[in-house]
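1. sequence first, predicted model second:
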Amino acid sequence: MAQWQHIAQTTTTPATLDDPFIVTVPCPHRDQALEVAAWIVEEIQTNVESDDAQRIKQQNAYSGLEAIERWQREGESLNIVQRLAREVTRPNFMQIEMQLKAAALGRWALLVRPGGVWDHKQYFDPRVNPERGRQFATLGITTEPYHHKYQGYEYYYDIWSNIHYGYVGRYIGFSEDSLLDGAGLAQYLDDFRKFGRSPTDRSDINGEGFRRFDDVTDYLSVHLGISLYERFTPQQLTGSLLMNEITQVEYPEEKGSKIPHTCQGVRRRLEEVKLKNSQGAAQ
């Protein structure tokens with residue numbers, strides 16, 4: 001027995017009826033970005049409680065000035081001779097602060113660097129993570145690889161790790177400026193290494209400082225992560241909440257950012273992949 005198969009979304013107005021009507025066939029492609037959003041929320045909730053995060057948070061929280069004040073209060077009950085003797089052994093609290101913050105920054109850089117534990121792009125590669133790679137595979141769902149559909153758009157997979165970077169970075173004590181400029185500096189160095197030139201100045205959107213060199217979509221995603229930290233605790237985050245926030249960001253409509261979803265585009269991509277595979281098999 002033959003079965004109906006959905007192949008397109010369309011509207012039509014029959015010319016033979018006195019009262020025209022519109023038939024709308026809904027898009028069959030699932031909102032896969034919602035699944036990715038739920039996963040990155042789990043990553044945020046897990047990673048803010050990790051040993052690395054707690055260590056960095058503690059290092060960032062150290063204040064040399066507060067340590068000096070404590071040292072002075074603790075010595076108030078001593079006599080003058082004892083105070084003088086104690087002063088000889090006084091630690092360099094400001095130097096300790098600098099060392100701890102440098103250690104925190106160094107550990108953070110290792111975690112978020114390309115290929116680092118908190119660089120989530122690698123987990124979309126089935127060769128690196130077969131389970132996640134299969135779960136988030138986009139063939140047959142989106143018009144472009146590494147874009148994930150939500151409602152009428154497809155969002156590039158770069159946004160997820162940048163949102164994580166902004167939220168977790170603020171949670172463990174880095175300032176908004178240091179996170180935005182740090183991401184821009186990383187983009188500057190990466191572009192210079194790849195292309196031998198300085199990247200495009202995007203200060204009209206990103207603002208001044210090293211952040212002006214960051215990709216606009218990356219900048220907006222980091223900024224969203226920071227904004228989420230300011231408004232929601234880790235346990236208040238959900239995949240649905242995150243996707244609602246993402247849809248309100250004015251990402252540029254282009255590949256590598258946000259593009260319109262079309263069912264025709266999904267079919268075209270499938271046909272191109274099938275053709276390429278058949279040509280490869282023939283060779």
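-> Sure, I can see it. Residues are numbered from 1 along each chain as shown.
2. only C-alpha atoms from now on, for both contacts and neighbour counts.
-> OK.
3. what about the helices in the protein?
-> Defined through DSSP state H, the helices belonging to the chain, from first to last, are 32-47, 51-61, 64-74, 80-88, 93-112, 130-135, 158-171, 176-195, 203-206, 216-231, 239-247, 263-282.
4. roughly how far out does the second one sit from the chain middle?
-> Spelled out, it's helix 51-61. Taking Cα atoms, centre = their mean, to the nearest Å, one finds helix 51-61 lying 20 Å from the centre of the chain it belongs to.
5. and if you look at the last one?
-> What separates the centre of helix 263-282 from the centre of its chain is 30 Å, taken as Cα atoms, centre = their mean.
6. next one: stretch 226-234
-> Taking Cα atoms, centre = their mean, one finds stretch 226-234 lying 14 Å from the centre of the chain it belongs to.
7. other residues contacting that stretch?
-> Applying Cα atoms under 8 Å, 6 or more residues apart in numbering, the contact partners of stretch 226-234 are Val41, Ile44, Gln45, Ile163, Gly166, Tyr167, Val168, Gly169, Arg170, Tyr171, Glu176.
8. coming back round to it: would you turn the helices of the chain into TSV with mean neighbour count, mean pLDDT and distance to Lys121?
-> Putting those into TSV (neighbours: other Cα atoms under 10 Å; pLDDT from 0 to 100; distance: least, Cα to Cα, whole Å) gives the following:
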stretch	mean neighbour count	mean pLDDT	distance to Lys121
helix 32-47	19	98	11
helix 51-61	18	98	20
helix 64-74	13	91	37
helix 80-88	11	84	52
helix 93-112	17	97	11
helix 130-135	14	90	10
helix 158-171	25	98	7
helix 176-195	17	89	15
helix 203-206	14	89	23
helix 216-231	21	98	13
helix 239-247	16	98	18
helix 263-282	13	87	22
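9. need the nearest residue in space to Trp156, chain neighbours excluded.
-> Careful, residue 156 is Tyr and not Trp. Closest residue in space to Tyr156, ignoring its immediate chain neighbours: His147 at 4.3 Å, by Cα to Cα, 6 or more residues apart in numbering.
10. need the contact list for the one you found.
-> Contacts for His147 (Cα under 8 Å, 6+ apart) come out as Thr138, Glu154, Tyr155, Tyr156, Tyr157, Gly256, Lys258.
11. among the residues you listed, name the ones in strands.
-> If you go by DSSP state E, the contacts of His147 have Glu154, Tyr155, Tyr156, Lys258 in strands.
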